[in-house]
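Enquirer: Build me a model from this:
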Amino acid sequence: MGSFKQTTRQQPIQKSDVLPADLKAEVIGIQDGDTIELKFIYTNKKAGRRSGLPLRIRFLHVNSPERGRPYYKIAKQFTSDKCFRKTVRIRHAGNFDKYGRLLGEVVLPDGKVLNKELVRQGLAVHFKKYSSSAEYANLEIQAQRKKIGIWSLDGVNLGKL
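Expert: Prediction:
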């Protein structure tokens, strides 16, 4: 029997000063539950201090627990399990936050929206300060009623997510 050598070709990193409307790229980093990094270098000054670095995506409509808070590790792991090393599509309007992160929704290979899945699982809240989406508000209410994720905690201080 001959030996079978599996080879994987590394996709070259995409680099552009134009942000594609239909942005698809591999996820190469997970910062936390609501921020990922893509294998895409955006060189436009709209990215501010992150120009020329791998593009970071800050999930629209949601806020997941910060480091040191309950469910931080679980939310980060959930995001990682769903998208790390996978090619995702980013729905966006070309808006960046003050940290140079593109604001968008992450569409997974199976067509589900990761932002919504986080809220559905109680691993993020609807970020009402920046979103008036009725759909995200309803997903949060459903998670609260089911007492799942962060909603399973007694007296959770959501102001400190």
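Enquirer: Could you give the number of residues near S80?
Expert: For S80, the count of nearby residues is 15 (other Cβ atoms under 10 Å). Every residue, glycine included, has its C-beta placed from N, CA and C.
Enquirer: List the contacts of it.
Expert: Taking Cβ atoms under 8 Å, 6 or more residues apart in numbering, we find S80 in contact with I30.
Enquirer: And it, what's its pLDDT?
Expert: If you check S80, the pLDDT there is 98.
Enquirer: does it belong to a helix or a strand, and which?
Expert: Using DSSP states H and E, S80 sits in helix 72-83.
Enquirer: From the chain's centroid, how far away is that helix?
Expert: Helix 72-83 has its C-alpha centroid displaced from the chain centroid by 9 Å (Cα atoms, centre = their mean, to the nearest Å).
Enquirer: Do me a favour and average the pLDDT over the helix or strand that that helix is followed by.
Expert: Counting by DSSP H and E, the next helix or strand C-terminal to helix 72-83 is strand 87-96. When pLDDT is averaged over strand 87-96, the result is 97.
Enquirer: Parallel or antiparallel, list what pairs with strand 87-96.
Expert: Applying DSSP bridges to the sheet, strand 87-96 is found paired with strand 23-32 (antiparallel), strand 102-107 (antiparallel).
Enquirer: Could you check the angle the next helix or strand after the longest one makes with strand 23-32?
Expert: Following strand 23-32 in sequence order, the next helix or strand is strand 35-42 (DSSP H and E). Using axes from the mean of the first three to the mean of the last three Cα atoms, to 10 degrees, one finds that strand 35-42 and strand 23-32 are set 140 degrees apart in direction.
Enquirer: What helices and strands are in contact with strand 35-42?
Expert: Judged by 3 or more Cβ pairs under 8 Å, 6 or more residues apart in numbering; DSSP states H and E, strand 35-42 is in contact with strand 14-16, strand 23-32, strand 54-59, strand 87-96.
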